[in-house]
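Enquirer: Here you go, sequence then predicted model.
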Amino acid sequence: NAGVTQTPKFQVLKTGQSMTLQCAQDMNHNSMYWYRQDPGMGLRLIYYSASEGTTDKGEVPNGYNVSRLNKREFSLRLESAAPSQTSVYFCASSPTDDRDVPEQYFGPGTRLTVT
Amino acid sequence: GDSVTQMEGPVTLSEEAFLTINCTYTATGYPSLFWYVQYPGEGLQLLLKATKADDKGSNKGFEATYRKETTSFHLEKGSVQVSDSAVYFCALIYGGSQGNLIFGKGTKLSVKP
């Protein structure tokens, strides 16, 4: 099992450029998440998808859009990148079955720099 | 709103020293509590969890006890190793399968040989 995979690992953009971060999981999980990690800030939730076909805003959604393409894939799009979006982006997934507290499984991250 | 507060780092210890990383939370109900660990260049991994008051989570020599009376979930290890060097995140979640994790800011631990 590959778990949660993310592409690309690194990316440099100029202000105003657009790009899509890709995430896929092979664990048949229903829920998927996008976080950003900034120094001294911990992880903050950008968007999440509780199931295929649904998406919801998290704590910091401005400047981002998401697509739950199918059960496996959840992409994050920056339409017009800004320097404030320089960060490390993590995708995560979790099962939503009869477990009381499902664990979230994280990908290795994408380091994005916007100049 | 709900929040998690961790002791600020970085924390630097010698090998075999005792580790405590403090974590307290603010929540209106009874969340589940987690410690995640992030090794250099990697994503987060679940280290341990506790789902109700007085539960003790443990893994790889690390322990944390869910203390409702002090709203705390402090991480401890009796003898740290160089390989424990990482960033540790305390987090809480509500609502079972539909809940979202709320993270603390992280504490960087460096263990010197």
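Expert: Nice, thanks for sending it over.

Enquirer: give me phi/psi at A:Ala81?
Expert: For A:Ala81, the backbone dihedrals are phi -60, psi 140 (criterion: degrees, to the nearest 10).

Enquirer: Does it touch A:Leu13 like I think?
Expert: Yes: A:Ala81 is in contact with A:Leu13 according to Cβ atoms under 8 Å; the separation is 4.5 Å. Placement of C-beta: from N, CA and C, glycine included.

Enquirer: so what sits against both of those two?
Expert: A:19, A:112, A:114 (Cβ atoms under 8 Å, 6 or more residues apart in numbering or on different chains).

Enquirer: and which of the residues you listed is nearest B:Ser72?
Expert: A:Leu112 (34.9 Å; Cβ to Cβ).

Enquirer: helix/strand/coil for B:Ser83?
Expert: helix (DSSP: H, G, I helix; E, B strand; the rest coil).

Enquirer: ok, it to B:Gln6 distance?
Expert: Using Cβ to Cβ, to the nearest Å, we find B:Ser83 at a distance of 21 Å from B:Gln6.

Enquirer: more neighbours, the two?
Expert: B:Gln6 (24 against 10; other Cβ atoms under 10 Å in any protein chain shown).

Enquirer: rewinding a little: which of the shared contacts of A:Ala81 and A:Leu13 are buried? Put it as a PyMOL command.
Expert: Burial among these is assessed by 16 or more other Cβ atoms under 10 Å in any protein chain shown; the matching PyMOL selection reads:
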select buried, chain A and resi 112+114
